[in-house]
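In: this one's sequence-less:
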């Protein structure tokens with residue numbers, strides 16, 4: 001797919017409302033207790049990336065990411081955990097100006113966003129073809145979502161993708177090709193989550209980039225309490 005294609009103005013916004021996600025077959029795997037994770041947050045390796053496995057992981061406070069240079073799949077539950085409080089987003093003066101430079105859509109070009117996040121030219125790349133296929137399956141079932149950020153010419157400038165379940169949105173990865181494009185994706189996503197009644201925006205690991213947007217770290221125990229409350233909600237994405 002050409003990730004720099006021009007999209008018609010008529011599809012630069014997602015339609016109001018949302019489709020009901022389809023529950024996949026249950027996973028055949030059982031995750032260890034999250035407090036058995038090692039000091040890096042690694043809980044285990046192996047299993048599979050079937051939709052039921054991925055959803056079971058997110059619902060347990062766990063997420064997949066390769067462990068080590070051989071890209072063996074690892075399952076992580078870090079302590080502390082990074083989140084962006086939905087009422088604590090930081091929008092700098094320069095970012096406010098950038099918001100006017102882009103158009104934002106939701107779920108219009110999921111594959112292009114994941115491809116941008118998986119660009120092999122990016123340092124520390126970890127998104128394999130297996131991961132791309134797995135999250136596309138989650139997207140087709142209504143659980144994974146993308147935020148696309150387009151410049152005024154209709155070129156994809158950045159975006160992010162993640163998984164929504166109940167009142168949780170678990171951000172997986174983001175990218176930008178133009179200044180502030182990934183930050184614009186976060187701002188518009190937070191606005192959508194607030195409007196939809198979500199309660200928890202999980203960004204997994206702390207980074208300076210995310211800290212500039214208001215990300216904070218909380219303990220694993222606190223995260224699990226917030227997760228339990230969020231999963232009881234049904235706001236839809």
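Out: Cool, got the structure. As the structure is a prediction and not an experimental result, all values here were calculated from the model.
In: wait, is residue 158 part of a strand?
Out: Yes - checked against DSSP: H, G, I helix; E, B strand; the rest coil, residue 158 lies within a strand.
In: so who does it touch?
Out: For residue 158, the contact set (CB atoms under 8 Å, 6 or more residues apart in numbering) comprises 116, 149, 174, 175, 176, 177, 178, 181, 182, 184, 185. To be clear about C-beta, it is placed using only N, CA and C from the backbone, and glycine gets the same treatment.
In: SS state for the first one?
Out: In other words, residue 116. helix.
In: what's near enough to touch it?
Out: 3, 156, 158, 159, 175, 177.
In: closest to residue 110 out of these?
Out: residue 159 (9.3 Å; CB to CB).
In: list the residues that contact the closest one.
Out: 112-113, 116-117, 146-149, 174-175, 181-182, 185.
In: which stretches of the protein form strands?
Out: Assigned by DSSP state E, the strands in the chain fall at 42-45, 63-67, 72-76, 81-83, 103-106, 144-150, 156-165, 168-176, 200-204, 216-218.
In: contacts for the second one?
Out: Contacts made with strand 63-67 from outside it, assessed by CB under 8 Å, 6+ apart, are listed as 42, 45, 49, 54, 57, 72-77, 126, 128, 131, 170, 172, 204.
In: residue 114: neighbour count?
Out: Residue 114: 26 surrounding residues under other CB atoms under 10 Å.
In: confirm for me that it is in contact with residue 136.
Out: Yes - between residue 114 and residue 136 a contact is recorded at 7.3 Å, counting by CB atoms under 8 Å.
In: pull the most distant pair out of the contacts of residue 158.
Out: Counting by CB to CB, the most remote pair of the contacts of residue 158 is 116 and 184, 13.9 Å apart.
In: return the residues in contact with the residue nearest to residue 37 when sequence neighbours are not counted.
Out: Using CB to CB, 6 or more residues apart in numbering and skipping residues adjacent in sequence, the residue nearest residue 37 is residue 43, 4.3 Å away. Going by CB under 8 Å, 6+ apart, residue 43 touches 31, 32, 34, 36, 37, 62, 74, 75, 76, 77.
In: switch the cut-off to 7 Å
Out: Each residue near residue 43 by CB atoms under 7 Å, 6 or more residues apart in numbering is listed here: 31, 32, 34, 36, 37, 62, 75, 76, 77.
In: just residue 230 next, same as before
Out: 166, 167, 168, 199, 200.
In: I'd like the distance between it and residue 135.
Out: Remark: distance between residue 230 and residue 135 (CB to CB, to the nearest Å) = 20 Å.
In: re earlier: of the contacts of residue 158 - the most surrounded one?
Out: Top of the contacts of residue 158 by neighbour count (other CB under 10 Å): residue 149, with 31 neighbours.
In: for the helix ranked longest in the chain, buried residues please.
Out: In the chain, assigned by DSSP state H, the helix with the most residues is helix 181-196. In terms of neighbour count (16 or more other CB atoms under 10 Å), helix 181-196 has its buried residues at 181, 182, 183, 184, 185, 186, 187, 188, 189, 190, 192, 193.
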